[in-house]
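**Q** next come a sequence and a model predicted from it.
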Amino acid sequence: MSDLAAALKAEALAVGFSECRVCRPSDVPQVAARLAEFVARGRHGQMGWMAERMGWRGSPEALWPEARSVVMLAENYGPSHDPLAVLEQRDRGAISVYAQARDYHDVVKKRLKRLGRWLIDAVEGTPEIKVFVDTAPVMEKPLGAAAGLGWQGKHTNLVSRRLGSWFFLGCIFTTLELPVDGAEVDHCGSCRACLDVCPTQAFPAPYQLDARRCISYLTIEHAGPVSEDLRTGLGNRIYGCDDCLAVCPWNKFAQAAAEVKYHARPELVAPDLAALAALDDAGFRALFSGSPIKRIGRDRFVRNVCYAIGNSGEGALLPVVQGLCDDPDAAVRDAARWAALKLKQTLA
């Protein structure tokens with residue numbers, strides 16, 4: 001099987017992946033307990049699906065008992081620009097790097113299926129496979145660490161010595177018993193950059209995340225108004241947050257994505273807040289067609305834009321949010337009224 005594993009890794013690179021490594025479904029025994037504690041403390045917030053499917057998510061073996069190996073794939077999406085520069089442009093919105101281009105789910109899944117077909121054709125007896133990319137109860141980060149793609153840093157995200165922070169994960173579960181590569185060791189050392197940069201203090205301790213305070217969660221997963229004590233910390237981040245990823249020292253080895261589908265759309269690098277606030281449902285869908293942003297819908301997105309305008313200190317944007325104070329959506333109305341009040345206080 002070693003020759004097959006080597007050929008598989010070569011084919012993975014040929015189809016566009018950046019790294020390919022293998023682990024066993026049983027190589028993450030600590031995941032179930034960590035997940036149970038996370039949910040028990042309520043740190044999953046409104047993500048009820050984490051609790052509902054905890055049995056599968058906490059145990060890859062339970063998800064598909066027939067699986068003998070997990071092929072973990074990394075795909076680089078490194079930005080060609082400084083993702084933190086937009087935070088200084090108060091009349092502009094900050095969108096997470098991964099969402100500035102095409103929806104990665106589509107791109108990664110096509111490559112996973114192509115690689116999976118290659119694997120089936122390469123082996124006699126027709127092995128079974130299942131492919132996953134962030135849409136099933138699979139803990140990709142612990143599996144990626146177990147396979148040696150990187151290690152889970154103090155911000156709980158996967159970090160690679162070769163790719164830094166900027167890579168997507170995909171996996172192929174298979175009934176084949178492939179040789180494993182072994183886990184990567186932790187290289188964070190005494191560094192606290194990711195913990196200290198967080199604007200909303202979402203890390204109760206190193207290697208722990210409270211999603212209820214995480215800007216990515218608040219701007220994407222959280223429905224309804226965001227708690228007022230967290231709104232200022234959002235700054236001008238309107239979809240996701242890259243702060244803890246961007247400050248990681250291991251990004252000195254990161255490279256810009258070669259895949260053109262991961263290159264940022266220029267209009268999404270630092271979009272104008274006033275223009276975004278004016279979006280109706282049709283305009284929102286048109287602008288974000290083929291983008292992961294489309295999933296949250298116009299109302300949640302414009303809610304985020306209103307928070308950013310309130311934090312901007314830009315008096316010229318006051319009429320923009322005043323025009324949304326009677327929006328049909330309750331969360332947008334609340335955000336617009338908060339933003340208008342904050343701007344008036346800033347200008348007083």
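**A** Sure thing, it's come through. Every value quoted in this text rests on a predicted model; they were computed, and no experiment measured them. Numbers count the residues shown, from 1 in each chain.

**Q** show me where the stretch 201-348 of the chain has helices.
**A** Shown for the stretch 201-348 of the chain, the helices assigned by DSSP state H, counting those that start in this stretch span residues 215-220, 228-234, 243-246, 266-269, 273-277, 281-287, 297-312, 318-322, 330-347.

**Q** meant to ask about the stretch 51-200 of the chain
**A** Under the criterion DSSP H, counting those that start in this stretch, the stretch 51-200 of the chain contains helices at 54-57, 60-63, 104-122, 140-147, 193-197.

**Q** which of those helices has the lowest average pLDDT?
**A** Mean pLDDT is lowest for helix 54-57 among the helices of the stretch 51-200 of the chain, at a mean of 88.

**Q** who does it touch, helix- and strand-wise?
**A** Packing partners of helix 54-57 (3 or more Cβ pairs under 8 Å, 6 or more residues apart in numbering; DSSP states H and E): helix 31-40, helix 60-63. All C-beta atoms are positioned from the backbone trio N, CA, C, and that covers glycine.

**Q** and those: which comes nearest residue 137?
**A** Residue 137 sits nearest to helix 60-63 of all these, at 6.4 Å, using Cβ to Cβ.

**Q** so what secondary structure elements neighbour the closest one?
**A** On a contact count with 3+ Cβ pairs under 8 Å, 6+ apart, helix 60-63 meets helix 54-57.

**Q** most neighbours per residue, which of the helices of the stretch 51-200 of the chain?
**A** helix 140-147 (a mean of 25; mean count of other Cβ atoms under 10 Å).

**Q** got TSV for the helices of the stretch 201-348 of the chain, with distance to residue 31 and mean pLDDT too?
**A** TSV is the format used below for the helices of the stretch 201-348 of the chain (distance: least, Cβ to Cβ, whole Å; pLDDT from 0 to 100):
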stretch	distance to residue 31	mean pLDDT
helix 215-220	20	98
helix 228-234	28	98
helix 243-246	21	98
helix 266-269	34	96
helix 273-277	38	98
helix 281-287	36	97
helix 297-312	30	98
helix 318-322	43	98
helix 330-347	34	96
